[in-house]
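Chemist: Predicted model and sequence below, questions to follow.
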Amino acid sequence: MAVPTIALYASPPSSMCSSPYSCHGSYDFDLNSRSSSPSTATPSSTHKTIVGGLSSLFSSSSSSFSSGGAEDLTSLRGGEELNNCSFSYSSFGSSLKRDHFHQSPVSVIQGPISLGSTPSLRFSPERDGSVRVGTRRLFKGVVTHALGSCVDYSPGFQIHANSPEELTFVMDDNNLKEPNLEPYAKDMLLAAQLKHSIFNDELMRASGDPYLQHCVETACLLATIGADAMVVSAGLLHDTIDDSFMNYDYIFQSFGPGLADLVEGVSQLSHMSKLARESNTATKTVEADRLHTMFLAMADARAVLVKLADRLHNMMTLDALPLSKQYRFAKETMEIFSPLANRLGIVSWKEQLENLCFKYLNPNQYKDLSTQLMKSFDGEMVTSAAEKLEQALKDGSVTYHGLYGRHKSLYSIHCKMLKKNLSMDEIHDIHGLRLIVENVEDCYKALNLVHGLWPVVPGKFKDYINNPKCNGYRSLHTVVQGKGLVPLEVQIRTKEMHSQAEFGFAAHWRYKEDDCMHSSFVLQMVEWARWVVTWQCETMMKDQSSIGYTDTMKPPCKFPFHSEDCPHSYKPSCGSDGPVFVIVIENDKMSVQEFPANSTVKDLVAVAGQGSGRWTPYGFSVKQELMAKVNREAVNDYNCKLKMGDVVELSPKIPDKSLTEYREEIQRMYEIGVPITGRQRTAGNRVGWRR
Ligand SMILES: Nc1nc2c(ncn2[C@@H]2O[C@H](COP(=O)(O)OP(=O)(O)OP(=O)(O)O)[C@@H](O)[C@H]2O)c(=O)[nH]1
Ligand SMILES: Nc1ncnc2c1ncn2[C@@H]1O[C@H](COP(=O)(O)OP(=O)(O)OP(=O)(O)O)[C@@H](O)[C@H]1O
C-alpha cells in the first residue's frame, strides 16, 4: 500500500552544521512535485525556505522479487521457486520515489536533501548497441565499465533482436515519471539487453526479472542518498565476487583497489549476515549488538551502506519468495540491518526497512494499524503548519536556521504504542515540526509564537532547556492542535542543542536504542561511521550544487579515534585500544565474540572448544585440540593478532573420534590410578589400547 505523505525540510546554512561535511546550501522549495530541477528559491541568511516532498510513512512496496548478497542468490535463481514468481516489476515503487525527497544521511543529520542533489544520468543506446554516457561526473565511466565488465566478450555473443523501445521486463509505470531515477536504470538495462541476450533470459531472480536490475536499483538507491561514484559502483558490482566469474583481482585490475576493497567488504558482510541468519545469532541481544558494531568497524562503513541498499531493495521486492523465507529475511533485517541504518543515521532507510519488516512479520497488525492511521493521518497538515510558522517567525523577526517536518513512520508509531501502552489517538507526534533557532532567547520567543498560532494541548509542554535530560538532551517540546484539531508536536532548539541531539551522548540513534550502555569504543565507531557516510554523501552534493566545497574536506579524525580537538570525541576513554569482535564458527554454529585489543588466535583457541583445558601429566591436554582457519586461510602462526571482523573457523585438529575417546579413556584411567605403559602413552594415530 502506498500512502502519500508530505514532509517539509529546510536545509540549514553551513554555519550551523555540527559537521562541516553534512551541510549543503541549497534551499529548495518543492512540496509535491517530483521535479529534480534545482530550486529557484532564494536563500536568505535568516529565513530559510522549506524543502518539501513526499516522504514514506508506510513504505511497503508491492513489487515482486528478491535477493540479497551472495547468500540469497542461489536460492532465488531458477529452480522451483521461479514457479512462484510474478513477472511484473515495480520495485521502483512508491517507497523509493517518496524516499527521493527524504533520503540522505545528511537528511537525517541536518534535514533531508533536495531533489536537486540526486545525480542524473542519461544513457542513449547508439546504433551499434553501445552505450553513450551523459556528461554527469557521477557515473561517467563507471557504468560503462561496470557493464563492460559484465558482458560476454566471447566471439559468440549475441546482439538482442528486440527493438530499442522494447524492454523485456515491465517497469513500474510510476517509475517512468521519475525524472532522475528511471532513465538511467531503464536505459542501461535496455542497452545491455540490446547488446547481450544474457540480460534477457539468464541470471533471473525469483521474480523472473533480470538479475542486473537488482544491481542497478541497488546502485540507484545509493545514488539517491547522494553516495559518490565509488559507492554507487560498488552497488552495481556488489554481488560479483560471490556470483560471477569476477574475483577480487579482476575487479582490482579493472577498476582499481578502492572499488575492489569495497566490493570485497560487501561480500564479507553478505557472508557474515548469512552465517548469522543460519545460526540465529542476532536473536541474542548481546551478539546482535556485537554484530552491529563489528559490521561498522570492519574497514569501511561504506560497505555497510552498500549492503543496506542491497537489503532495502531485496526487502522492497520480497513478495516473490515463499512465506517462510519472507519471514526469515524480515527477521534478520529487523535484527541486523535496520539497527545499522539507525546507527548510520539514515532514517529514511531505517523507516522503510522497519515498515517492510513489520509488514512481513506481523501482517495483520500492519494492516490494522495502516487502516487506522489512514483515518487520522493528514498529509498536508505538516506542510501548511510549517508555512504558517514560517510566516509568523518572519513577522515576529525571529531568525532561524532550519524548519523540518516529518510524519512518524507506521512502525515507529507501533513501537511507541507498545512501549507506552497507548492507543494511536494518544500518540501526539505523528505529525511533527522541528525548529532550529540561533539562541536560547529565540527558543522561547518562537515557543510563544507557536502557542499563539494554535491551541495548546495541556500537559504536553516540556522544557528540556531549563531541565535537560540526564544525557544532556535539550530542547523545548510542545504539542498543539493543528488544522482539524490534529495534534502537532513542535520541537524548538538552538543549533548547538541540535548538534548534541544528533551526535554525542544524546544522539538520536542512542535514544532509539533506549540509551543502552555502549563502550566508548562503540560510540566512537558509530559516530565515525556516520561521519564517513555523511562525508561521502556530501562529496557528492558538492558536485551538484554551486556551494563552494573544497576538495580537502575529510573527516577530521581517523577511525576509531577522534582527534584531540574533535567536538564529537568520547573523552576521556578515547585513547585506549578498543575490543575486537570476531566471528567464531565451531561445530557449524556461529557466534560473535569479544576479545581485548591485541588478542591472538592462540587466545581465542585457548577459550574455545570442548573440555576442561587441563593438562595431563602425560603432556597432552584433556581439551580437544583445535585447528583454526582465519578468513578461510589455515593459520600457521597462532600468535597472529585478531582483527575486527575476522571469521575464525575452528575444527578438531585430529578429527579421528577414536583418538579423542582414547584420550578421555586415558584420563579416566589416570584419575583412578591405573598405570599406563610407555606404548600406551604414545598418542599416535590409532592406538589399540584396551583396559
Ligand atoms: N536525540 C534525542 N532526542 C530525544 C531525546 N529524548 C527525546 N527526544 C526527542 O523528543 C521527542 C519527545 O520526547 P518527550 O517529549 O520526552 O516525549 P515522551 O515523554 O517520551 O512522550 P511523548 O510526549 O508521548 O512523545 C522524541 O520523540 C524525540 O524526538 C534524546 O535523548 N535524544
Ligand atoms: N517533531 C519533530 N519534527 C521533526 N523531526 C522529528 C520530530 N520528532 C522526531 N523527529 C525526527 O524524526 C525521525 C524519526 O523519529 P521517530 O518518529 O521514529 O522517533 P521520535 O519521535 O524521535 O521518538 P519517539 O518514537 O520515542 O517519540 C528522527 O530523525 C527524529 O529526530
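Modeler: Received the coordinates, thanks. Ligands and ions are numbered 1, 2, ... in the order given.

Chemist: Now do the domain split for the chain, please.
Modeler: Following the TED database, one gets these domains for the chain: 179-372, 377-510, 519-537+577-615+622-672.

Chemist: anything in the first one near ligand 2?
Modeler: Read that as domain 179-372. Yes: against ligand 2, domain 179-372 shows contacts by Cβ under 6 Å from any ligand atom at residue 347. For every residue, glycine as well, the C-beta is placed using N, CA and C.

Chemist: was I right about residue 463 contacting residue 476?
Modeler: Yes: if you go by Cβ atoms under 8 Å, residue 463 and residue 476 touch, sitting 6.0 Å apart.

Chemist: who has more neighbours, these two?
Modeler: residue 476 (23 against 15; other Cβ atoms under 10 Å).

Chemist: ok, residue 602 - contacts?
Modeler: For residue 602, the contact set (Cβ atoms under 8 Å, 6 or more residues apart in numbering) comprises 638, 639.

Chemist: So it belongs to a helix, correct?
Modeler: Yes: counting by DSSP: H, G, I helix; E, B strand; the rest coil, residue 602 falls inside a helix.

Chemist: Next to ligand 1 in this structure, residues from the stretch 451-600 of the chain, please.
Modeler: So far as Cβ under 6 Å from any ligand atom goes, the stretch 451-600 of the chain lies against ligand 1 at 462, 469, 471, 473, 477, 501, 506, 507, 508, 511.

Chemist: Of those - the most surrounded one?
Modeler: Per-residue neighbour counts (other Cβ under 10 Å) across those peak at residue 507, which has 25 neighbours.

Chemist: nearest residue to that one other than its sequence neighbours?
Modeler: residue 501 (7.2 Å; Cβ to Cβ, 6 or more residues apart in numbering).

Chemist: what's the most buried one of the domains of the chain?
Modeler: Per residue and on average, the most neighbours among these fall to domain 179-372, with a mean of 22 (mean count of other Cβ atoms under 10 Å).

Chemist: How about that one and ligand 1, any contact?
Modeler: No: using Cβ under 6 Å from any ligand atom, domain 179-372 stays clear of ligand 1, with a minimum separation of 10.9 Å.

Chemist: Could I get the average pLDDT for the strand or helix carrying residue 490?
Modeler: Taking DSSP states H and E as the definition, residue 490 sits inside strand 487-494. The pLDDT scores in strand 487-494 average 96.

Chemist: can you check stretch 274-286 too?
Modeler: On average, stretch 274-286 scores 73.

Chemist: and the residue nearest to residue 507, helix, strand or coil?
Modeler: Here residue 501 is recorded as helix under three-state DSSP.

Chemist: Give me every residue in this structure lying close to ligand 2.
Modeler: So the chain meets ligand 2 at 108, 347, 404, 406, 408, 412, 416, 429, 432-434, 489, 491, 508 (Cβ under 6 Å from any ligand atom).

Chemist: rerun that using 5 Å as the cut-off
Modeler: Within the chain, the residues that sit near ligand 2 (Cβ under 5 Å from any ligand atom) are 347, 404, 406, 408, 412, 416, 432, 434, 489, 491, 508.

Chemist: of all the residues of the stretch 451-600 of the chain next to ligand 1, which two lie farthest apart?
Modeler: Pairwise distances across those (Cβ to Cβ) peak at 18.9 Å, for the pair 462 and 507.

Chemist: quick one, strands of this structure?
Modeler: Taking DSSP state E as the test, the strands found in the chain are 4-9, 51-56, 123-125, 131-133, 400-407, 431-437, 462-463, 476-481, 487-494, 580-586, 589-595, 626-630, 633-634, 647-652.

Chemist: if you average pLDDT over each of the domains of the chain, which comes out lowest?
Modeler: Minimum mean pLDDT among those: domain 519-537+577-615+622-672, a mean of 73.

Chemist: Going along the chain, name the helices of the stretch 201-350 of the chain.
Modeler: 211-224, 229-237, 240-243, 248-255, 257-279, 285-297, 301-316, 323-332, 338-344, 347-361 (DSSP state H, counting those that start in this stretch).

Chemist: ok, residue 329 to residue 667 distance?
Modeler: Per Cβ to Cβ, to the nearest Å, residue 329 is found 46 Å from residue 667.

Chemist: And residue 190, by the same measure?
Modeler: Going from residue 190 to residue 667 by Cβ to Cβ gives 70 Å.

Chemist: Check residue 187 too.
Modeler: 71 Å.

Chemist: Residue 634 too?
Modeler: For residue 634, the distance to residue 667 - Cβ to Cβ - is 29 Å.

Chemist: So what sits opposite the residue nearest to residue 435 when sequence neighbours are not counted in the bridge?
Modeler: Nearest-residue entry for residue 435: residue 492, 4.8 Å, with adjacent residues in sequence omitted and distances by Cβ to Cβ, 6+ apart. Beta bridges link residue 492 to residue 435, residue 476, judged by DSSP bridges.
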